[in-house]
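Q: Take this sequence and fold it.
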Amino acid sequence: MISVVIDTNVFVAALRSDGGASRAILRFALQGKIEPLFGNALWLEYEDLLGRSVWTDATTCNERQQVLAALTRVGRWVTVYYGWRPNLPDEADNHLIELAIAGGAALIITHNVRDLRRGELLLNGLRVLTPAEYLEKTK
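A: Below you'll find the predicted structure:
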C-alpha cells in the first residue's frame, strides 16, 4: 500500500457528488488500498472546510464528519519537522509538499496540479496527480 497526501479539494469534490474520480480516491483510502497522510496544517484545512458553505445536498454535515473520522482511522498522522519553503508559487500549498516528504508519500492527489508541479525544488520520486490521473495509472 502506498502513502498519499489527499488535498482538501479532492475531499470536497468527492463529497459534493455521487461519483467521479475524487469519490473513488476516498473509497480507495477507506478500503485500505492507499494510506492517507495527515499533518497539522492539512488537518486544520479539513476541519475548516466542514464549516464552510461549499457543500451540496449530496452529503449531510454528519456524513462528512463521519467520512473524515473514517479517513483518520485508516490514515497515518505525520509530524513535520522541517519546512521546505519557499518552494511553491502559492505559499499555502507548501505544507502539502512538506507532509509528503515527512511521511514518505509516493504522491499528492490534488485538483491543483498546475501550482503543485511548479515548485522551485525538484523532489525526486514525489508525483503530483489528479484523481483521474491516479486512477488511470492504477488500471
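Q: quick one: low-confidence ranges for the protein?
A: 84-92, 117-124 (pLDDT under 70).
Q: and Val67, how many residues sit next to it?
A: Here the number of neighbours of Val67 (other Cβ atoms under 10 Å) works out to 17. C-beta: built from backbone N, CA, C; applies to glycine.
Q: The helix or strand harbouring it - contacts with which helices or strands?
A: Following DSSP states H and E, the helix or strand that holds Val67 is helix 61-74. Applying 3 or more Cβ pairs under 8 Å, 6 or more residues apart in numbering; DSSP states H and E, we find helix 61-74 packed against helix 8-16, helix 21-30, strand 34-38, helix 40-50.
Q: Quick one, which of those gets closest to Ala100.
A: If you check each of the helices and strands packed on helix 61-74 against Ala100 by Cβ to Cβ, strand 34-38 wins as the nearest, at 7.2 Å.
Q: and the residue of the chain most remote from its centre, which of the three is it?
A: Going by Cα atoms, centre = their mean, the residue of the chain most distant from its centre is Asp57, 22.1 Å out. For Asp57, the assignment made with DSSP: H, G, I helix; E, B strand; the rest coil gives coil.
Q: Please name the nearest non-neighbouring residue to Val10.
A: Nearest in space to Val10, with sequence neighbours left out and distances taken as Cβ to Cβ, 6 or more residues apart in numbering, is Ser22 at 4.8 Å.
Q: circling back to that earlier point, going by neighbour count, which residues in the helix holding Val67 are buried?
A: Arg64, Val67, Leu68, Leu71, Val74 (16 or more other Cβ atoms under 10 Å).
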